[in-house]
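*Asks:* Fold the stuff below for me.
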Amino acid sequence: MGFSTRLKAAILLVFLVLILTELVAGRFVVEKNSLRVTSPDSIKGTHDSAIGNFGIPQYGGSMAGTVVYPKDNKKGCKSFDDFGISFKAKPGAMPNFVLVDRGDCFFALKVWNAQNAGAAAVLVADDIAEALITMDSPEEDHASEKYIANITIPSALVDKSFGEQLKKAIRGGDMVNVNLD
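*Replies:* Below is the predicted model:
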């Protein structure tokens, strides 16, 4: 096989790899779900969110709850017990959906910490104005393997703008009720 033939074959191979890479990358889909705000009226409506690829999403189901935003540990990277915070719902009340801010630690760790504090679901407010992304679980290591497989609540990422609306309503004293589909 001559040099010219090998060069042509190498160029063809590189071209094929680039085409296949583009096809695979073009197929990545963010799995979205619907988050419907039922109150207050100022933010009532349906909003997109992206579910995490960990935990137990309730496909085909719906879950109603009240959104709470912690005064401390807003990113949820530490145990809420360290701050004396519990998200367990009072008897007869709707379950609590904890809103935390994106950043500083893995999505799965935020959800794990909120779950341990009694949250029924977790909403993560994006800190970047960008299209929704899938909340991915970290590569398993000794620190994360203890919690990734034990997350049993659903979680979703909401875009920055909607996250700010939720926080503003909560800070204003409104009770924010949502349905997570």
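
*Asks:* So what does residue 177 look like in phi/psi?
*Replies:* The phi/psi pair for residue 177 (degrees, to the nearest 10) reads phi -110, psi 140.

*Asks:* Report the beta-bridge partners for it.
*Replies:* residue 39, residue 66 (DSSP bridges).

*Asks:* which residues touch it?
*Replies:* For residue 177, the contact set (C-beta atoms under 8 Å, 6 or more residues apart in numbering) comprises 37, 38, 39, 64, 65, 66, 67, 94. Placement of C-beta: from N, CA and C, glycine included.

*Asks:* and if you look at residue 171?
*Replies:* Neighbouring residues of residue 171 by C-beta under 8 Å, 6+ apart: residue 69.

*Asks:* rerun at 6 Å
*Replies:* Applying C-beta atoms under 6 Å, 6 or more residues apart in numbering to residue 171 gives no contacts.

*Asks:* For residue 41, see how far away it is.
*Replies:* 17 Å (C-beta to C-beta, to the nearest Å).

*Asks:* repeat for residue 53
*Replies:* Distance, residue 53 to residue 41, using C-beta to C-beta: 34 Å.

*Asks:* low-scoring stretches of this protein, by residue?
*Replies:* Flagging of the chain using pLDDT under 70 yields the residue ranges 1-4, 7-30, 56-60, 139-142.

*Asks:* hey, where'd the helices end up in it?
*Replies:* For the chain, helices defined by DSSP state H occupy the ranges 3-26, 107-116, 145-148, 160-171.

*Asks:* What are the buried residues along the shortest one?
*Replies:* Spelled out, that is helix 145-148. Using 16 or more other C-beta atoms under 10 Å as the test for burial, helix 145-148 gives 147, 148.

*Asks:* Residues in contact with it: which ones?
*Replies:* Against helix 145-148 from outside (C-beta under 6 Å, 6+ apart): 54, 108, 112, 137.

*Asks:* Of those residues, grab the buried ones for ChimeraX.
*Replies:* In ChimeraX, a selection of the buried entries from these looks like this (16+ other C-beta under 10 Å):
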select :54,108,112,137
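
*Asks:* right, and the pair among the contacts of helix 145-148 with maximum separation?
*Replies:* Put simply, by C-beta to C-beta the two of the contacts of helix 145-148 set farthest apart are 112 and 137, 10.5 Å from each other.

*Asks:* List the buried residues for stretch 35-51?
*Replies:* If you call a residue buried by 16+ other C-beta under 10 Å, then stretch 35-51 has these buried ones: 35, 37, 43, 47, 48, 49, 50, 51.

*Asks:* Which two among these are spaced furthest apart?
*Replies:* Taking C-beta to C-beta as the measure, those span a maximum distance of 20.5 Å, between 43 and 51.
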